[in-house]
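> I'd like to go over a predicted model; first the sequence, then the structure.
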Amino acid sequence: MSNQCRQGDLRPETPEFHRSLCALKEIDFELAYLAMLTREGLKPLSRWEKDLAEGDLKLFQRTGLITKQVRRIVKTGREIVETIFSRTPAYIELYEHAFSNTPIDKSAGTQQFEGFLFGYPPCCVNQYIRKPYAPNNLTQQQQKILFHWACRDCKITASLLPAYKRIYDSLDRC
């Protein structure tokens with residue numbers, strides 16, 4: 001991680017990086033935010049469940065991420081395409097092996113495995129499985145910048161929040 005990123009400044013090392021990040025942000029702020037969380041190593045793997053064009057995938061590569069599109073099946077039988085991205089090929093391979101061409105399922109085992117891949121605290125995943133969206137001690141703004149629902153008094157989430165906020169705020173100023 002560069003000193004610029006540590007200080008909360010996401011200006012790129014290269015103009016190409018900056019253009020790619022801005023293009024991701026134009027597609028969707030959350031997409032660019034997920035990309036930066038993954039690029040910075042706070043999330044081992046991320047998933048985008050909306051359509052992305054082939055050219056959009058190149059934007060991820062220019063920010064240092066590996067991408068893969070994985071076909072899944074929803075309950076109606078319709079096929080969807082998810083885009084997954086990571087700095088590490090092994091996470092891409094794990095996700096692809098487990099979920100490619102499979103129905104989307106919300107079983108406890110699937111949620112636990114996805115939680116691991118996406119870097120969610122295990123205590124939060126387990127709480128979510130038992131009781132989704134149970135009250136926690138976060139402010140609405142804190143919960144908003146997370147991609148998991150935090151459990152009450154989660155120590156891991158508390159330690160992640162400053163880094164998430166730094167990236168969120170820096171991207172917001174980008």
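On my side now, so go ahead. Numbers count the residues shown, from 1 in each chain.

> Tell me where the model's unsure across this structure.
Counting by pLDDT under 70, the ranges of the chain that qualify are 1-13, 173-174.

> Tell me which residue is most central in it.
The centroid of the chain falls nearest to residue 46 when counting by C-alpha atoms, centre = their mean (3.5 Å).

> secondary structure element for it?
Residue 46 is part of strand 45-48 when elements are defined by DSSP states H and E.

> ok, and for the very next helix or strand once past that strand, which residues are buried?
Moving toward the C-terminus from strand 45-48, the next helix or strand (DSSP H and E) is helix 54-62. Residues of helix 54-62 classed as buried by neighbour count (16 or more other C-beta atoms under 10 Å): 56, 59-60, 62. No exception for glycine: its C-beta is placed from N, CA and C like everyone else's.

> Likewise for stretch 20-33?
For stretch 20-33, by 16+ other C-beta under 10 Å, it's 20-21, 23-25, 31-33.

> Format these as TSV; extra columns: distance to residue 165 and secondary structure.
Shown next, in TSV, are those (distance: C-beta to C-beta, whole Å; DSSP: H, G, I helix; E, B strand; the rest coil):
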residue	distance to residue 165	secondary structure
20	23	helix
21	18	helix
23	24	helix
24	19	helix
25	17	helix
31	18	helix
32	16	helix
33	11	helix
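
> Tell me the one among the residues you listed nearest to residue 42.
Closest approach to residue 42 among the buried residues of stretch 20-33 (C-beta to C-beta): residue 33, at 10.7 Å.
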